[in-house]
Structure formats: structure tokens, C-alpha cells
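S.K.: Fold the stuff below for me.
(chains A and B)
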2 protein chains.
Amino acid sequence: MSNGLVMVRRIRRTPYTDRLEQAGVKGFSVYNRMVLPKSFHMSVEEAYWHLREHVQIWDVSVQRQVEITGPDAARLVQWMTPRDLSKAEVGRCYYVPIVDDAGGMLNDPVLLKLEEDRFWLSIADSDLLLYVKGLIIGRGFDAMAFEPDVNPMDIQGPKAEALMVDLFGPAICELKFYRYMHVDFQGTRQIVARSGFSSVDGFEIYLDDSSLGPVLWDTVVEAGQKYNIAPGGPNQIDRIEGGLLGFGNEMTNENNPLEMGFGKFCRLDGSIDCIGLDALRRIDASGLRRTIRGVRFEGPQCPVCTTPWPVMAGEINVGQITSAVWSPGLRSNVGLSLIDRDHWEQGRPVTVLLPDGSKQEGTVQVLPFKSS
Amino acid sequence: MSNGLVMVRRIRRTPYTDRLEQAGVKGFSVYNRMVLPKSFHMSVEEAYWHLREHVQIWDVSVQRQVEITGPDAARLVQWMTPRDLSKAEVGRCYYVPIVDDAGGMLNDPVLLKLEEDRFWLSIADSDLLLYVKGLIIGRGFDAMAFEPDVNPMDIQGPKAEALMVDLFGPAICELKFYRYMHVDFQGTRQIVARSGFSSVDGFEIYLDDSSLGPVLWDTVVEAGQKYNIAPGGPNQIDRIEGGLLGFGNEMTNENNPLEMGFGKFCRLDGSIDCIGLDALRRIDASGLRRTIRGVRFEGPQCPVCTTPWPVMAGEINVGQITSAVWSPGLRSNVGLSLIDRDHWEQGRPVTVLLPDGSKQEGTVQVLPFKSS
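M.R.: Numbers count the residues shown, from 1 in each chain, chains lettered A, B, ... in the order given. Presented below is the predicted three-dimensional model:
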């Protein structure tokens, strides 16, 4: 479903929005009160195949940064997440679930350790800055938090590396996944990480100066012509097939990181002090009641999932699908779902209740979905 | 400018969205990660005249509630705002600017005191719940904060009172502005306040049970037929003419409540302890550098303001317009703007720079705009 989005200042444009409009952007979502382009001249399926073969340029300015600096910055950041950051290194990125005192997810940002006492949290869709401000003011930390003028751009696809080498030199090839380095752009020092919200190779340029947005866009697009570059955005087919979870879609404050499959990022042995530790230990001790799974199901191409669809085993509701799409590679629908413990093993038969009242047979799948 | 809005679960539907679609909703905005209807079959101008003459039903579920309860709830709420709440009464609503330790606005909710230790903050467009959670966890308050299942509906317009009497009885007539009362709806106890985001009379029903959403909608629409009820939403012409400021539009974290005209809600004499008090006292002592004003300017109907428009006095930038619209009553464009001290008096001539490069002559106006 698609409806007219009324633009006002409150829904912020990005440094790249003018260029998106020139490139014929056809739809926006709103994320962190900012526009996120969703489609250009290609269909979602065409964009999916293009992403797997070529390279795309995405305006992901909506990944706002929460910068935390000061003598207590490292202590505050560790307190905010159950992930053990005691050995965290400058130059690396860390996926850090952020939970409240009940263990409920508040956001799932990527942490960039910039200096020993300076961090960026590259956030999902909630005002993590307000939470950090609350913690600083409440506890009296000697730290500052603010949103810097950083507007990330994603370069995603198998030809991303070649393009980035053309733009920033061969050192890019040495950059490993979830590491970042500095590059020169027009005499400014910018951060490039090997990361991105896709299942293919790619990079994120954390452009730290919005006035350079249009020229960065133009430079990348021009250099990308020989790699068949196209404008795009996070692709729903690629995301769901790859099992990439979206905050607000697959998880809300109702969910804990253990059931979302982030147990490996939760250090619960007491060696770190973090918010929600007691709650997470209780959840862990009692055993997971449900976990995140894929559901592959038949039928004609499913609609967009705007409200959760029940997943049934006979008469029993065993989960709900929160995102779904037709997978052209698997020739079936694929969805992401929290599935109850008694039904979460690979291959378990289930029935999906669609919003039009129809039912489709399906099976539970371990993520990521495997191409047939 | 209007573009396709792609719906996903992350952008939440409301209990009324099905009904809006049946009523032919033509456009949505996104507010607190939830859909806010913007237009139906009438133009903005037609809806404006209708609102001034009849009654409208608005889905303002996006005004999410932050419920704060517990022994420390009152102390926490007072700490969050410079408004003196020492004499706050159950049954009343209070407009409360929320500022951080630098005095910058974080939200501007309406506070409902439900009990001595139980409050709702009916919020503008930012995750105030995350800030409250941070304060509670950081300071160790004995309080809880959460988002209850409350989805406000506005009944606005000169015929709102008659309609509300038909629905809930004559006691509604006694309800004064910014007071609330309880009414019965289908055997449930619901809160109705005399308030709303318009410059005309109206009421807000804080429906506390989303399952009742569709039946409440149907009940109001049916009873409203004799008053020529129509579906609508906050009206840009009414809002700007009335000088109603929008968080995210007229004010951001860059702004303090004093310059936004909320000085009367800031008790700075030291009799209350609140976050940002020192910062606000410094700002107050040094004198305001700018304040909120209207700008009335000529020319053809202006476009929607998506990025601030400079307001000039000769070669000097003296402010920026953040929302603007053609006023059919005043036969000119009207905008909301922060205007520098040396130029803020009524009638001062200014020039507005529009995004297409054109300039329009105008004058500074004290708010609200006066009909000619």
C-alpha cells in the first residue's frame, strides 16, 4: 500500500534529497523523522537483481549518529549495552543491542569507536539520543551527547569495492567487514566502513559535512557509470532473504535481544555492568519461549505486511510474520517471524493467515533463507 | 510536495486507519512512527472553512501517551519541565515544555494529571518515552514509564460541543478549556479533554482501548451527520493563522522555550528544581536574541515549506520561515518564523526568499494573525 506523503520541515530532507529527486525517486519512507528513498525506476525485484550483480548508491542519512564524548563516554556506552566492549578497538564497528531495565530493545545501532572517549552510535528508527541524554542527566555522567552533521551514504553490491578503489584508492581492498578507515574527499577526512544494510558486499561513507552531499553524490554516480551504478535503498527481498532484522518491524520494545538471535552479543556472566542485565539473566535462565525464524509460504505474491500476520500450527497461534515479500529466487513468499519454542525447528509445517482472510501453507526456516 | 509513502509495520497504523481508508483518505504524514491523515476529499482551504463552521473528526493517535506512575512520578515530572507544577490538579491539562540540560526543547507535550502519582504526557513528535526511561534508570527514580494503549481522537469545530453533548451528555458543556472529565463509552470509562490542535473549540477523546477504535469512529460519525461532520486532521491554514507551533517545524532542540514564547511556562526564580534551569536562567538574564513571530507576505500562493526560508531585512538575515501557507481570509501568505530582536516589532518590513529564487515583500506580525 502506498499513499501520498505530505512533506513538511519536521520530516527532514537530507543533503542528497535534491539529487534523488533529479534521479526520479518514486517513493519515500520516513525514518528517524527523515526521508528514506524506497524506489526509483526499477521494481523491487529488478532492484534486487541489480543489487546482486552491480552496485547501488543509497541515501541512508536516516541512520543518524549519536555522538558521545567525554571522560565517562566509554563507561556510559558499556552501561547501555549487554555486549562486552572491554576489548573494543578504535577503527572497528560493533553491532550493539540497546535494552532498557526490563531487557526490552530500544534500538540496535552500530557502534563506531572513534577514540577512547569518543563514539558514534549509528541508529535505527528511535530517538536514542533522548535516551542517552536522559542517562547522562539522570546519572550525572561527565559526557556529552549530540547529533553531528553526518549523513551516511551506502555503496552496496559486488562491484562496490572496485568503485570505492577508483574513488579512494587501493587501501579500501584491505578493509575488512565491520572495520572503518579514513579517506580523503575534496580535502576533507571522511570515515568509510565496510558494512551496510544488505546481504552483499558494500561500504558506508559517513559523510561528516552536509554541504558536501551533492558533490559526493555526483562524484560517486559519475565514477559508478562503468559499473552500471543505480540509485536504490535497502531492498526488501534482499533483506528478508538475508534475515536482516529491522527495528520497528521485527523487534520493538516488547522484544529482548536473546529471542532476536543476539545472544552472542549479550555478556551475562557478570563481568560487565549494563542496564537490563538482571532482566536478561532471568530470561536466559528460564529459557527462550520463542526465537526469530523465517517462514517460507506458498501462494500468489503476498502484499506488504503492515500489521503482523498470525502463523498457525493447526489451531494454535505459534508466531506472527512482521515482514514478508515474494522471493523471485525461491519462487515462494518469505517472511520473518518470531516462532514459539515448540515449533521453531527447520521444516516445521505452519499456516499463514493473510489479511484478506486467505490461508497459505508454509514451513519454518532457519535464517538466512537458502536459495534452492 | 507529495510522494508515495511506503507502509511497513514500523510505521504503525492506528485503530482508526481502516475507517480513514474507507472514508477516502488521500495522504498521510508520519508522526511518532505512526500514520497521521492529512487530507480527504476536501482541499486544505475547503477543510479550513469547514472546520470554522461545522465539526471534524481527526485521528490523532500519533499523540502517543507516556504514562508515568509510581512514588517518584510527581517529582520526576516536575524535574522534567520548567513549568511550576506544585499546584497542579487532577482533572487538568498542562502544556509543559520539556528541555534538556542546555535548555533546548526535546518535546512540548500536554500533561494530564490523572492521580497524584500518575500522569500522561501527550507527546509531540519525538520519543519522549526514551528520555523518561533514561532519567528513571539514570537517577534511580522509583517510577515506571510506558506507552499505554491510548489513541486520541479529536472532535474540533464550533459544533463540537453539541455533538459531544449528544454522545456523552450535557455535563460536557461545563468542561472548561484544558480540563478533562470521564465519560462512559460502551461501558468503559474514557477521558475527554477540552483541547485540540486547532484555533477553534474542540475536544479530545483519549480512547484507552484500541479495540474500541472502529466503533468509536462509527458512533461519532453517525451522530455527527446532523452537524455536517467530516474527517480531517490538523489544518495548516488554521494552525499558522492561529500561531500554533509545531515541534519539529517551528522548534527543534536548537530552540529554547523562552524564544518560542513559552516564558510564562518557565518558573526560573529557583522555587522549583528542574533540568535546564541554569541554562534557562542564563538565557533569560542575557535577554532574548530572537522570538517567534508571524510573517505576512505577498505574491502567489507559496509552496509547502520543507526547508527553512530566509527572512531578510535588506541584506541582513533576520530570521527563517519554517511553516507557511496561503491564507484565504487574509488574501496573503502567512508564515511562522523566529525573528531577531532588532526586527521583531509588529509591522516591520521584511523580504522572504523562496526556494525558487523569488523574493516577496512582507511584514512581521504578532501572533496570532489577525483577520483583516
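S.K.: Next, count neighbours for the closest residue to chain B within the stretch 151-300 of chain A.
M.R.: Going by C-beta to the nearest C-beta, chain B is nearest to residue A:248 of the stretch 151-300 of chain A, at 3.2 Å. Where C-beta positions appear, they are placed from N, C-alpha and C, glycine not excepted. For residue A:248, the neighbour count with other C-beta atoms under 10 Å in any protein chain shown is 19.
S.K.: what bits of the stretch 151-300 of chain A have low per-residue confidence?
M.R.: Within the stretch 151-300 of chain A, no stretch has pLDDT under 70.
S.K.: All the strands of it, residue numbers only.
M.R.: Per DSSP state E, counting those that start in this stretch, the stretch 151-300 of chain A carries strands over the ranges A:151-156, A:180-185, A:188-193, A:202-207, A:230-232, A:290-297.
S.K.: Okay, strands next: where are they in the stretch 1-150 of chain A?
M.R.: All strands of the stretch 1-150 of chain A, identified by DSSP E, counting those that start in this stretch, fall at A:2-6, A:27-31, A:34-39, A:56-59, A:65-69, A:93-95, A:98-99, A:105-107, A:110-115, A:118-122, A:144-146.
S.K.: pretty sure residue A:368 contacts residue A:240?
M.R.: No - counting by C-beta atoms under 8 Å, residue A:368 does not reach residue A:240; the two are 9.1 Å apart.
S.K.: if you count what's nearby, which of those two comes out ahead?
M.R.: More crowded of residue A:368 and residue A:240, by other C-beta under 10 Å: residue A:240, with 29 against 14.
S.K.: Residue A:321 is in contact with that one, correct?
M.R.: No - using C-beta under 8 Å as the test, residue A:240 is too far from residue A:321 to be in contact (10.0 Å).
S.K.: anything in contact with each of residue A:368 and residue A:240?
M.R.: residue A:294 (C-beta atoms under 8 Å, 6 or more residues apart in numbering or on different chains).
S.K.: Determine the number of other residues adjacent to residue A:351.
M.R.: If you count neighbours by other C-beta under 10 Å, residue A:351 ends up with 17.
S.K.: what are the phi and psi values for it?
M.R.: For residue A:351, the backbone dihedrals are phi -120, psi 130 (criterion: degrees, to the nearest 10).
S.K.: what's the nearest residue to it if we skip its chain neighbours?
M.R.: Of all residues not flanking residue A:351 in the chain, residue A:312 sits nearest, at 4.5 Å (C-beta to C-beta, 6 or more residues apart in numbering or on different chains).
S.K.: Could you name the helices and strands sitting against the longest strand seen in chain A?
M.R.: Longest strand of chain A, by residue count under DSSP state E: strand A:316-327. Packing contacts for strand A:316-327, counted by 3 or more C-beta pairs under 8 Å, 6 or more residues apart in numbering or on different chains; DSSP states H and E, involve helix A:236-241, strand A:290-297, strand A:309-313, strand A:332-340, strand A:349-353.
S.K.: Residue B:295: which of the ones you listed is closest?
M.R.: The closest of the helices and strands packed on strand A:316-327 to residue B:295 is helix A:236-241. By C-beta to C-beta, the value is 42.9 Å.
S.K.: Chain B versus the nearest residue to residue A:346 once chain neighbours are set aside, what's the distance?
M.R.: Spatial nearest neighbour of residue A:346, chain neighbours left out: residue A:366 (5.0 Å); criterion: C-beta to C-beta, 6+ apart. Distance, residue A:366 to chain B, using C-beta to the nearest C-beta, to the nearest Å: 22 Å.
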